[in-house]
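**Student:** Below is the structure, and that's it, no one-letter string:
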Ligand code: HEC
């Protein structure tokens, strides 16, 4: 084999190798589905990484006075549309399926004289201070059956803390002598 023959031979092998390589790359381009750089769905989350966890705990973490500080009566009136089928809110309003709610803030639990409360609610009148404080109302309306197991208030509850806070502002306004919101505790340092 002279050097010319050898070059031809080597050239042929080289060409074959390059061609195979080329087809391989091309095939990969054609048949491999393109994956996004990061697998999964992009979800905008707050910095810190554990936003989901923080949201789940928000009810416990955010203090009631802090929530109430930005509560809004008009928003609360809208939220209260979920209650009007069973409750009246106006001054002198009658009992419906549930007791009249005008002036409920600061009122004793289960104290509307002509309303037939469930035994569970009557028993609850002796617990949690016996008064509809903002804190008690907040927790009752968030999850009635959890706060007063056995209550006959057939309502799933309002989970969103901001909606509950708005509702508190609305209930506060429905009174001849509105009960002030609780003060935020001084920050501990
Ligand atoms: C399906 C009817 C129904 C709906 C809807 C409903 N409630 Fe009630 N609610 C009742 C009944 C019935 C009771 C009495 C519960 C008992 O005796 O166990 C009650 C009791 C209450 C009490 C206790 C009052 C007291 O005198 O001790 C409050 C406060 C209250 N409801 C607020 C609300 C609010 C606020 C909403 C709307 C977010 C709402 N309820 C929605 C039926 C309802």
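**Tutor:** Arrived safely, thanks for sending. Keep in mind it's a predicted model, so treat the numbers as computed, not measured.
**Student:** For the residue nearest to residue 149 when sequence neighbours are not counted, which three-state class applies?
**Tutor:** Closest residue to residue 149 apart from its sequence neighbours, by Cβ to Cβ, 6 or more residues apart in numbering: residue 120 at 6.4 Å. All C-beta atoms are positioned from the backbone trio N, CA, C, and that covers glycine. Secondary structure state of residue 120, per DSSP: H, G, I helix; E, B strand; the rest coil, is helix.
**Student:** Would you point out the helix or strand in the chain whose mean pLDDT is lowest?
**Tutor:** When each helix and strand of the chain is scored by mean pLDDT, DSSP states H and E, helix 51-56 comes last, with a mean of 49.
**Student:** Span of stretch 129-145 from start to end?
**Tutor:** Using Cα to Cα, to the nearest Å, the end-to-end distance of stretch 129-145 comes out at 18 Å.
**Student:** Pull the distance from it to the chain's centre.
**Tutor:** The chain centre lies 18 Å from the centre of stretch 129-145; the measure is Cα atoms, centre = their mean, to the nearest Å.
**Student:** Is any residue of it near the ligand?
**Tutor:** Yes: remark: stretch 129-145 sits within contact range of the ligand at 132, 137, 141, by Cβ under 6 Å from any ligand atom.
**Student:** Tell me who's in contact with residue 176.
**Tutor:** Going by Cβ atoms under 8 Å, 6 or more residues apart in numbering, residue 176 touches 91, 103.
**Student:** Does the closest residue in space to residue 138 that isn't next to it in sequence belong to a helix, a strand or coil?
**Tutor:** Leaving aside its sequence neighbours, residue 138 sits nearest to residue 164 (Cβ to Cβ, 6+ apart; 5.4 Å). Here residue 164 is recorded as helix under three-state DSSP.
**Student:** Below-threshold pLDDT in the protein: ranges please.
**Tutor:** 1-2, 6, 17-18, 22-61, 187-189 (pLDDT under 70).
**Student:** Now do the residue nearest to residue 173 when sequence neighbours are not counted: how many residues are near it, please.
**Tutor:** The shortest distance from residue 173 to any non-neighbouring residue, by Cβ to Cβ, 6+ apart, is to residue 73 (5.2 Å). When neighbours are counted by other Cβ atoms under 10 Å, residue 73 registers 15.
**Student:** How is the protein partitioned into domains?
**Tutor:** 1-32, 64-173 (automatic domain parsing).
**Student:** centre of the chain versus the last one, how much separation?
**Tutor:** For domain 64-173, the gap between its own C-alpha mean and the chain's C-alpha mean amounts to 19 Å (Cα atoms, centre = their mean).
**Student:** Please work out which of the domains of the chain is packed deepest.
**Tutor:** Mean neighbour count (mean count of other Cβ atoms under 10 Å) peaks for domain 64-173 among these, with a mean of 16.
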